[in-house]
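Q: need coordinates for the following:
(one chain, ligands or ions: 1)
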Amino acid sequence: MTHSRPAVTKAVLPAAGLGTRFLPATKATPKEMLPVVDKPAIQYVVEEAVATGLHDILMITGRNKRPLEDHFDHNHELESVLGRKGDSARLAQVREAGSLAAVHYVRQGDPNGLGHAVLCAAAHVGREPFAVLLGDDLIDPRDPLLGRMIDVQSERGGSVIALMEVDPGQIHLYGCASIAVTTDDDVVRVTGLVEKPEPADAPSNLAIIGRYVLDPAVFDVLRETGPGRGGEIQLTDALHRLAADETAGGPVHGVVFRGRRYDTGDRVDYLKAVVRIACERDDLGPDFRSWLRDYVFTEM
Ligand code: UTP
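A: Residues are numbered from 1 along each chain as shown. Predicted coordinates for the structure are as follows:
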């Protein structure tokens, strides 16, 4: 690994989407605040950033930003009530989110797409490579991804995206990469990207998932990127430009992730995340697993 490139220290967490797949729950609550067991999804994502050494977090928020800001702040009233009751376990849980990292906020205004959300981070990020973690995408902490992506960025420069093999019939739900192999078996060179292609037009079954380590050149490209699929400014379109033109700030590499990942903005994936995490928790797992076993055997 070379250490000549600037270290990645900042994480950008876009959380300004409308979350239409999860309506009506997301009518007045950001989908990133939906609880996965007893913590909001975005807290797992902040914990992942911090565990990877990124302590400067910028959240891109939208019209419902208040619950996000409140969650990562102190709640003095609640803390003093729990303190008076001597409930130190709950007090520690309540304080945890407020002390994880320095969390900053910028408001997106209109949700004009993920590319537009990332562009809102330009002033905060400056000219250093930075990480982007989608606030509704959970990566199992036992299957580290972001640290590997940061190492690949440090070795190869440019930008690094996370890719996952999906069923070809599902590729129309994702950004999709055309690739060339490299000497590392979990790393590919990205030669092009297309947002949500029809299966017949998809160049591969490698889908983009919600972790990125980006060269700041992406901001210059995003400023010139017009609306793409769905009328939104797509991060995928800007990364396609970088992949095609090294002089614009490329190359783009992909780390192929083979671990556990949940899109909590999708209802079925959300349920899978809740069930798996509940089953694995020491406090809830024994009771919940035994109920689940009975349920599956007697009612399914
Ligand atoms: P999604 O495409 O999953 O978000 O964006 P969405 O539009 O909220 O979801 P649906 O399809 O309507 O259910 C991935 C991530 O990018 C953020 C979202 O909050 C999510 O974390 N995002 C998306 C923004 O911050 N701004 C946008 O304009 C769009």
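
Q: in stretch 257-275, which residues are buried?
A: Within stretch 257-275, the residues scored as buried using 16 or more other C-beta atoms under 10 Å are 257, 261-266, 269-270, 273-274. To be clear about C-beta, it is placed using only N, CA and C from the backbone, and glycine gets the same treatment.

Q: likewise stretch 111-123?
A: Buried-residue list, stretch 111-123, by 16+ other C-beta under 10 Å: 111-122.

Q: right, is it up against the ligand?
A: Yes: with C-beta under 6 Å from any ligand atom as the criterion, the ligand is reached by stretch 111-123 at 111-114, 116-117.

Q: what's the closest of those residues to T191?
A: Nearest to T191 among the residues of stretch 111-123 next to the ligand: L114, at 21.2 Å, using C-beta to C-beta.

Q: separation between the closest residue to G62 other than its chain neighbours and I209?
A: Spatial nearest neighbour of G62, excluding adjacent residues (C-beta to C-beta, 6 or more residues apart in numbering): A16 at 3.3 Å. To I209, A16 is 19 Å away according to C-beta to C-beta, to the nearest Å.

Q: just to revisit the earlier point, distance of the residue nearest to G62 from M59?
A: In terms of C-beta to C-beta, A16 sits 9 Å off from M59.

Q: which one's more surrounded, those two?
A: A16 (29 against 26; other C-beta atoms under 10 Å).

Q: tell me the contacts of the more buried one?
A: Listed by C-beta atoms under 8 Å, 6 or more residues apart in numbering, the contact set of A16 reads 30, 60-63, 65, 107-108, 111, 117.

Q: H253 too?
A: Counted by C-beta under 8 Å, 6+ apart, H253 has contacts 152-153, 156, 158-161, 182, 187-190.

Q: got it, and P251?
A: With the criterion set at C-beta under 8 Å, 6+ apart, P251 makes contact with 156-159, 189-190, 242-243.

Q: can you rerun that using 6 Å?
A: Contacts for P251 (C-beta atoms under 6 Å, 6 or more residues apart in numbering) come out as G158.

Q: for A11, same thing?
A: Going by C-beta under 6 Å, 6+ apart, the list of residues near A11 reads 49, 54, 57, 131, 133.
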